[in-house]
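S.K.: Fold the stuff below for me.
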Amino acid sequence: MGIDVEVTASITCLRDAIASDDWAARKAAAEALVALALEHTDLLTTYKSSCVTFFEARRFDKVKVVRESMNRMIEVWKEISGAEEDECSSALPPASQSQRRPSLTDATPIKVVMEEKLLKGRGVRDRLESRRTLFKGSEDRSTKLAAHKAGSRVVPYEGGGNLEEISEVEGGSERYAVHKDESFSEIRTHLLQIEN
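M.R.: Numbers count the residues shown, from 1 in each chain. Prediction:
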């Protein structure tokens, strides 16, 4: 009696895992259902028809290793002989049935692929639009910076212990004379302020 309850609970859990978004979970569930079908064939006769129908709807997985595991699982489950009662769907508690997302059991593989492509295409467009919106201001700023840099030039000139910089901005020139010792003492002062 205990094994029957465990098998029923296992089928419910593994069936939920087959519908998972994680491909590794789907593959592991398919392999576990194969092992379960090989080990407890006599206990699974009541679940065969509805479970095989459920598995058939999930056989067209986009991940190849999962698809192969699903096909193997379907083959093993089809070999189970016995009564064809529908208890697999009733094994799920009613609360979890209402919380689950709608399955695509009645959809053809072509329809599923078309819907997948549409969803993926929409996501790409949304991302591109978001990027345009986010980086629109930065493009304007980079254009302004490039234009500003094109018109200015800084040329260092060293003569007589002084560092002289000549800067030409948009046709005008400005001269800055800075003594080396003054700049070093200024740097030392800043470093001391940072340390304290």
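S.K.: measure stretch 32-45 end to end?
M.R.: 17 Å (Cα to Cα, to the nearest Å).
S.K.: my read: residue 80 touches residue 41, true?
M.R.: Yes. Counting by Cβ atoms under 8 Å, residue 41 is a contact partner of residue 80 at 5.4 Å. C-betas here are computed from N, CA, C, even on glycine.
S.K.: the more surrounded of the two?
M.R.: residue 80 (21 against 16; other Cβ atoms under 10 Å).
S.K.: ok but residue 20 is inside a helix, no?
M.R.: No. Assessed with DSSP: H, G, I helix; E, B strand; the rest coil, residue 20 is coil; it does not lie in a helix.
S.K.: So for it, what's the nearest residue that isn't a sequence neighbour?
M.R.: Nearest residue to residue 20 in three dimensions, chain neighbours excluded: residue 26, at 5.6 Å (Cβ to Cβ, 6 or more residues apart in numbering).
S.K.: Name the next helix or strand following the helix or strand hosting that neighbour along the chain.
M.R.: Per DSSP states H and E: residue 26 is located in helix 23-39. Per DSSP H and E, the first helix or strand lying C-terminal to helix 23-39 is helix 48-57.
S.K.: buried residues in that following helix?
M.R.: Across helix 48-57, burial judged by 16 or more other Cβ atoms under 10 Å covers 48, 49, 50, 51, 52, 54, 55, 57.
S.K.: separation between the second one and residue 15?
M.R.: The gap separating residue 49 from residue 15 is 14 Å, by Cβ to Cβ, to the nearest Å.
S.K.: returning to what we had before: for the residue nearest to residue 20, grab the count of nearby residues.
M.R.: Residue 26 has 22 neighbouring residues, counting by other Cβ under 10 Å.
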